[in-house]
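>>> Okay, predicted coordinates and the sequence, questions at the end:
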Amino acid sequence: MRTRQKGFSLIELLIVVAIILIISAIAIPNLLRSRISANEASAVGSIRTINASAVMYSATFPSAGYPPSLAAMGGPASVCAATSTQACLLDEVLASGTKSGYTFVWTGDGNAPSVGYTINGTPISVGGTGQRMFCSDQSGVIRYDVSGAGCTTASLALQ
């Protein structure tokens with residue numbers, strides 16, 4: 001009399017592995033696109049926050065105008081006392097210039113008091129952390145460049 005062995009055959013296991021590979025081949029690109037989309041939404045939100053903080057900075061310190069840098073709008077993680085060099089308007093992550101796969105660069109106009117600025121948000125890895133580059137200026141309008149390579153406030157694409 002033969003006893004029947006319990007378990008899965010090699011063919012059954014190979015079929016299950018093939019199905020898992022097919023499902024993951026479909027799902028992984030969608031997950032990567034979702035991450036890029038989330039990073040871009042975070043970059044736009046960060047630029048809006050920076051614009052609002054710059055306006056608040058200029059209202060708080062009218063003799064300085066707009067801030068000279070992102071770091072001037074930030075402050076320490078602990079209790080913060082606002083000064084013109086650490087205004088405590090941005091969290092320390094955003095004030096450092098890097099957040100959610102984007103690098104933010106603040107460019108002041110160099111005047112005293114400052115009457116203008118430009119903020120650029122560039123993906124750390126174009127196609128990896130984001131597709132589009134975002135920029136804004138003292139007008140508060142956020143623009144983008146679809147190539148991720150360069151954005152100017154004269155760009156036609158508005159967010």
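Here it is on my side, so go on.

>>> where's the top helix by length along the chain relative to the chain centroid, distance-wise?
Criterion DSSP state H: the longest helix present in the chain is helix 10-60. How far helix 10-60 lies from its chain's middle: 11 Å, per Cα atoms, centre = their mean, to the nearest Å.

>>> Please name the residues that touch the most centrally placed residue in the chain.
With distances taken as Cα atoms, centre = their mean, Ala43 lies nearest the centre of the chain, 3.2 Å away. When contacts are counted by Cβ atoms under 8 Å, 6 or more residues apart in numbering, Ala43 touches 99-102, 104, 121, 123, 130, 134. (C-beta placed from N, C-alpha, C; glycine too.)

>>> again, 10 Å this time
With contact taken as Cβ atoms under 10 Å, 6 or more residues apart in numbering, Ala43 is in contact with 99-104, 121-123, 129-130, 132-134, 142, 144, 159.

>>> And Gln86, by the same measure?
Counting by Cβ under 10 Å, 6+ apart, Gln86 makes contact with 71-76, 80, 95.

>>> Please apply the same query to Ala81.
With Cβ under 10 Å, 6+ apart, Ala81 has these contacts: 75, 88.

>>> can you tell me which helix or strand it belongs to?
Ala81 belongs to no helix or strand when assigned by DSSP states H and E.
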